[in-house]
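S.K.: fold the following, please.
(one chain, ligands or ions: 1)
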Amino acid sequence: MMTTFDPDLDTTRHSIIIDHAALVEQQRLVANPLLAAVALLGVWALFRYSLEVRNLYLFLSTLFAACVASSLVQYHCLDCGGTDLALRARHHACSGVVGRVRARAHPPLWPPALRAQVKSWLLVAAFGLVLFAIFHHVG
Ligand SMILES: [Zn+2]
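M.R.: Numbers count the residues shown, from 1 in each chain. You can find the predicted model right below:
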């Protein structure tokens, strides 16, 4: 009896093609700006120092460091517990996420999209800076 199954030829690799938009919709990611915030505090200290000593190169490298530091926002996945940089979040596809995409489940209501979370953290930071500036000026 012949079977049509050949383990060398019929390697069923489970690489399925998933729409990126559907993937992002099904992710349950929580933004964590702690690392970026700590890095930006260091950048802020360096920034003030560069102004104090009037060093242009230090000032420019501080600007560069600010860009790098702000890309250190991380995310935690509520499905697999994984943590990675938020810049790479679009490609996060653990079994929980892929399972929901395949089941065509309703997008989870909580947590909100990672972009929205990062935007709200930016708003909080801006609000905090304004408050700091006001009280720093008054006091
Ligand atoms: Zn995950």
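S.K.: over to residue 111: give its phi and psi.
M.R.: Here is the backbone geometry of residue 111 (degrees, to the nearest 10): phi -80, psi 160.
S.K.: kindly apply the preceding question to residue 77 instead.
M.R.: Torsion angles at residue 77 (phi, psi; degrees, to the nearest 10) stand at phi -90, psi 130.
S.K.: what about stretch 105-125 and the ion, touching?
M.R.: No - using CB under 5 Å from the ion, stretch 105-125 never reaches the ion; the gap is at least 12.1 Å. The C-beta positions use only the backbone N, C-alpha and C, and glycine is treated the same way.
S.K.: write out the residues of the chain neighbouring the ion.
M.R.: Contact residues, the chain versus the ion (CB under 5 Å from the ion): 77, 79-80, 82, 94.
S.K.: which two among those residues are spaced furthest apart?
M.R.: Farthest-apart pair in the residues of the chain next to the ion is 79 and 82; separation 8.2 Å (CB to CB).
S.K.: what about residue 120, distance to residue 67?
M.R.: Distance, residue 120 to residue 67, using CB to CB, to the nearest Å: 21 Å.
S.K.: of those two, which one has the most company?
M.R.: Using other CB atoms under 10 Å, the more surrounded residue of residue 120 and residue 67 is residue 120, with 12 against 9.
S.K.: on contacts alone, who are the packing partners of the helix or strand that one falls within?
M.R.: Using DSSP states H and E, residue 120 sits in helix 114-138. Counting contacts by 3 or more CB pairs under 8 Å, 6 or more residues apart in numbering; DSSP states H and E, helix 114-138 is packed against strand 29-32.
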